[in-house]
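>>> Structure, please.
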Amino acid sequence: MKTIADIRNDVKYLVSLYQKFIPMLPIYSFNDHHPYGIKAHTRSVSWLLESFITQHTRLYCNKLGVSNVEWDFPDTSLHDSSFVENSKLIEFFINIKVHDINKKDSKNDIAAVEKLFNQYSKCSAYNIYYVCIGFEWGKNCIQLCKDYIHVFSPQFMPVYINPRNDKIQAFYNHTPILRTREEFLSKIRPAVDRIKV
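Numbering: from 1, shown residues only. Predicted structure coming up:
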């Protein structure tokens, strides 16, 4: 089980990795298929951008010092990709999020609280990291922004659970609350117990 210090080091590593990686990516263009553009709405492109980022992680894995980049996970999985950091042989489970930097920051759904509780309770070696990358719209393209990269562990999130959908919500850019895994699980357990009733 990772310590607080381990998770903080992982977050620093991932921020550094994505700061190096994002400038390598081409501008995402949809000129050829959408001659009139696409409505500038994050939901309309989020899955495409998340896939684009993940697939380019595999394409540039040698330059990034990672290997075994995978993204063929079921929709029910907490993470949408994984890779191994080569020098320390640490496996990272990643969930990519995107944010339109020209819109104000607001709380976003991060994960279903019951699913997160179950995974963290059953597998002490499992840790997921959310990598939030900013983007901005061009006329028929999208540019990813290396200056908007926020990486966090759910273990350190301020815990707010949306009662309408039982998902943990947070700002992508938030101040981490350093807590142990046990403290995190005890913090979200009441919501899980409520769902099961």
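
>>> what residue ranges in this protein are flagged as low confidence?
Judged by pLDDT under 70, the chain has its weakly predicted residues at 30-44, 197.

>>> ok, which stretches of it are strands?
All strands of the chain, identified by DSSP state E, fall at 28-29, 66-70, 81-85, 90-100, 108-112, 128-137, 141-152, 160-162, 167-170.

>>> nearest to Q119, of these?
Nearest of the strands of the chain to Q119, taken as Cβ to Cβ: strand 128-137 at 7.8 Å. Using the backbone N, CA and C atoms, a C-beta is placed for each residue, glycine as well.

>>> okay, that closest one in CSV with CA atoms only?
Provided in CSV are the C-alpha atoms of strand 128-137 (Å, rounded to 0.1, in the frame of the first residue of the first chain):
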residue,chain,number,x,y,z
ILE,A,128,-5.8,5.7,-9.7
TYR,A,129,-4.5,9.1,-10.8
TYR,A,130,-6.7,11.7,-12.6
VAL,A,131,-4.9,13.7,-15.2
CYS,A,132,-6.8,16.8,-16.2
ILE,A,133,-5.6,18.6,-19.3
GLY,A,134,-6.8,21.9,-20.6
PHE,A,135,-7.7,22.6,-24.2
GLU,A,136,-9.0,25.5,-26.3
TRP,A,137,-11.0,25.6,-29.5
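
>>> thinking again about what came up before, want to throw the strands of the chain into JSON lines with mean neighbour count and distance to I188?
Shown next, in JSON lines, are the strands of the chain (neighbours: other Cβ atoms under 10 Å; distance: least, Cβ to Cβ, whole Å):
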{"stretch": "strand 28-29", "mean neighbour count": "14", "distance to I188": "35"}
{"stretch": "strand 66-70", "mean neighbour count": "16", "distance to I188": "27"}
{"stretch": "strand 81-85", "mean neighbour count": "20", "distance to I188": "23"}
{"stretch": "strand 90-100", "mean neighbour count": "19", "distance to I188": "17"}
{"stretch": "strand 108-112", "mean neighbour count": "18", "distance to I188": "10"}
{"stretch": "strand 128-137", "mean neighbour count": "21", "distance to I188": "14"}
{"stretch": "strand 141-152", "mean neighbour count": "18", "distance to I188": "15"}
{"stretch": "strand 160-162", "mean neighbour count": "16", "distance to I188": "7"}
{"stretch": "strand 167-170", "mean neighbour count": "20", "distance to I188": "7"}
